[in-house]
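In: quick one, fold the following:
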Amino acid sequence: MTHVLDPLAWRHSGARHPAEEDPEQVRAMPVVLRVERDTPPGRTPLLEAAAAAAVAVCLDPRAEPGGEWHEPVLAWTSGRIRKIARRARGAHWRAVQDLPGITVEVAGAQARALLPGLVSATPREVSRLQISGSELPADQPGPPPAGVPVLWLNPTVPMTAGKAAAQVGHASMLLAARLHEIGAGQALADWAETGFRCAVRTPSPAEWGRLYSADNPGLAWTEHQVVAVHDAGFTEVAPNTVTVLGQWPAAAVAGTR
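Out: Have a look, this model is predicted:
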């Protein structure tokens with residue numbers, strides 16, 4: 001049977017999905033960010049929680065062939081891997097815990113990635129949540145810890161926290177898909193043991209340019225072990241903008257800010 005990561009392999013070339021979608025068949029993964037009014041989370045920990053939660057849903061045993069999540073996750077990864085980030089607090093946050101998905105906490109910040117499904121059939125507990133208003137002030141997370149994947153945000157492309165949460169979720173999934181594609185099952189298993197821990201950082205423009213070249217927009221895996229997220233351009237950024245570079249930890253990178 002098809003693994004849910006198999007359909008993601010074509011994205012490593014930087015290609016965009018060739019098929020047009022019936023609006024009634026558009027699927028998305030809701031990513032719910034916990035943003036309490038009086039105790040908002042740090043921006044970076046929240047993005048790291050969102051990235052880990054997204055890939056955790058895809059690699060949960062329930063998403064494996066024969067599992068109860070397999071068909072909805074495979075149907076989603078076989079198209080455009082849309083994510084819709086929403087914010088929740090209080091009772092609304094507690095309500096989404098009853099929906100199928102996985103919650104991840106990083107340094108007190110919490111995000112829950114839900115089982116993907118048809119946008120037209122979004123549960124009320126999710127549809128009533130706000131998409132806007134998830135912006136959080138920039139923070140200074142320091143250098144990324146050693147030995148974890150780093151998700152590098154494009155330093156020239158401003159994004160709200162909600163938009164960035166969706167983009168780093170794409171990056172963590174593409175890293176997992178690349179490891180699956182090259183048969184690095186032990187690396188995936190070891191990553192799962194950490195709860196899919198990752199670091200989100202913004203590189204200097206010079207460092208970004210070293211990792212990614214517009215003349216070679218595909219995967220720079222051999223030299224830097226990098227995958228690129230090309231956004232479809234539905235919100236905030238222009239179509240085919242590279243928003244995030246996901247880097248596996250074997251290559252050391254400097255120049256964070």
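
In: okay, and for the stretch 101-250 of the chain, where does confidence drop off?
Out: 133-134, 213-223, 233, 250 (pLDDT under 70).

In: which helices and strands does the helix or strand harbouring Glu125 pack with?
Out: Following DSSP states H and E, the helix or strand that holds Glu125 is helix 124-127. Packing partners of helix 124-127 (3 or more CB pairs under 8 Å, 6 or more residues apart in numbering; DSSP states H and E): helix 90-96. Every residue, glycine included, has its C-beta placed from N, CA and C.

In: all helices for the stretch 1-150 of the chain, in order.
Out: Counting by DSSP state H, counting those that start in this stretch, the segments of the stretch 1-150 of the chain that form helices are 43-58, 70-77, 90-96, 124-127.

In: please convert the ones you listed to CSV, extending it with distance to Ala177 and mean neighbour count.
Out: Below are the helices of the stretch 1-150 of the chain laid out as CSV (distance: least, CB to CB, whole Å; neighbours: other CB atoms under 10 Å):
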stretch, distance to Ala177, mean neighbour count
helix 43-58, 9, 27
helix 70-77, 8, 20
helix 90-96, 26, 15
helix 124-127, 25, 14
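
In: which among these is found nearest to Met173?
Out: Distance to Met173, taken as CB to CB, is lowest for helix 43-58 among the helices of the stretch 1-150 of the chain, at 5.3 Å.

In: pull stretch 69-85 out as PDB, backbone CA atoms only.
Out: Once non-C-alpha atoms are left out, stretch 69-85 reads as follows in PDB (Å, rounded to 0.1, in the frame of the first residue of the first chain):
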ATOM      1  CA  TRP A  69      -6.000   7.900   9.600                       C
ATOM      2  CA  HIS A  70      -4.300   6.500   6.500                       C
ATOM      3  CA  GLU A  71      -7.000   7.300   3.900                       C
ATOM      4  CA  PRO A  72      -7.600  10.900   4.900                       C
ATOM      5  CA  VAL A  73      -3.900  11.700   5.200                       C
ATOM      6  CA  LEU A  74      -3.000  10.000   1.900                       C
ATOM      7  CA  ALA A  75      -5.900  11.900   0.100                       C
ATOM      8  CA  TRP A  76      -4.400  15.100   1.500                       C
ATOM      9  CA  THR A  77      -0.700  14.500   0.700                       C
ATOM     10  CA  SER A  78      -1.700  13.400  -2.800                       C
ATOM     11  CA  GLY A  79      -2.800  17.000  -3.600                       C
ATOM     12  CA  ARG A  80      -1.600  20.300  -2.400                       C
ATOM     13  CA  ILE A  81      -0.600  20.100   1.200                       C
ATOM     14  CA  ARG A  82      -2.600  23.100   2.300                       C
ATOM     15  CA  LYS A  83      -2.600  24.000   6.000                       C
ATOM     16  CA  ILE A  84      -4.900  26.500   7.600                       C
ATOM     17  CA  ALA A  85      -3.600  28.000  10.900                       C
END
